[in-house]
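# What shape does this take:
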Amino acid sequence: MEKEADWEQEIHTAPAAGRGGKRVAKQAQNEPQSAGREMYQNVRTLVTVLAVLILLFTFVARIIVVSGPSMENTLMNGDAMVVWTLGYTPKQGDVVVLTKRSYQEDSIVKRVIATGGQSVDIDYSTGTVYVDDVPLEEDYIKEQMRVPSYGEGLNHIEVPEGCLFVMGDNRNQSADSRYSGIGIIDERCVIGRAVMVVFPFQDFRLL
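Numbers count the residues shown, from 1 in each chain. A predicted model of the protein is given here:
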């Protein structure tokens, strides 16, 4: 009787074991599908992020590296900065990136001293810049301005509409609107406004 009972138990339990085996097999089959689906989602997310970054840095902002000492100590040679380009209108006091192909192929960084319709007067004896007869408070310049090495330059400038007068913060080592090779800047030559330094990381700051 015991053997018969054992035989009946095997009959009843065997199908149950078979069903469990099918569940294990099905689970094993689903695992590669889940891994593949997860990889697909990760790749799709990565592609989306890259597309957004490309659009962002094409139409909204750019990363530009400073070359040269003309904006010290506001910007140092090698600083990487974010330049806002979308819908930007130059304003007095802004640090801007612009192009001047007659001077050099690379973009240059300067500060807007005056915009269209304003007048600029430079007194080298006191190192003072006047805009519409008002002296500028320029705590950002590196040192007191001297007569530039490229000559007396301009002492009085009337800025035409749609143009800018720009200067570097390191006045004594800056080729800018005082220099005949650069001169008055057409607003259409402005790429955008420098808004922050992002590298070196320890120098991260807003401008």
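
# make it CA atoms for all contacts and neighbour counts henceforth
OK.

# who does the residue nearest to residue 88 when sequence neighbours are not counted bridge with?
Residue nearest to residue 88 in three dimensions, not counting chain neighbours: residue 192, with 6.3 Å by CA to CA, 6 or more residues apart in numbering. Taking DSSP bridges as the rule, residue 192 bridges to residue 97.

# In three-state terms, label the nearest residue to residue 128 once chain neighbours are set aside for me.
With CA to CA, 6+ apart as the criterion, residue 128 has its nearest non-adjacent residue at 6.0 Å, and that residue is residue 122. Under DSSP: H, G, I helix; E, B strand; the rest coil, residue 122 falls in the strand class.

# so what's residue 122 up against?
When contacts are counted by CA atoms under 8 Å, 6 or more residues apart in numbering, residue 122 touches 128-130, 154-156.

# Parallel or antiparallel, list what pairs with the biggest strand by length in the chain.
Scanning the chain for the longest strand, with DSSP state E as the assignment, gives strand 104-115. Strand 104-115 pairs in its sheet with strand 95-100 (antiparallel), strand 163-167 (antiparallel), by DSSP bridges.

# So which bits of stretch 82-94 are buried?
Across stretch 82-94, burial judged by 16 or more other CA atoms under 10 Å covers 82-85, 90-91, 94.

# Let's have those in JSON lines, adding pLDDT and distance to residue 106.
Shown next, in JSON lines, are these (pLDDT from 0 to 100; distance: CA to CA, whole Å):
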{"residue": "82", "pLDDT": "93", "distance to residue 106": "16"}
{"residue": "83", "pLDDT": "95", "distance to residue 106": "15"}
{"residue": "84", "pLDDT": "92", "distance to residue 106": "18"}
{"residue": "85", "pLDDT": "90", "distance to residue 106": "17"}
{"residue": "90", "pLDDT": "96", "distance to residue 106": "20"}
{"residue": "91", "pLDDT": "96", "distance to residue 106": "22"}
{"residue": "94", "pLDDT": "97", "distance to residue 106": "20"}
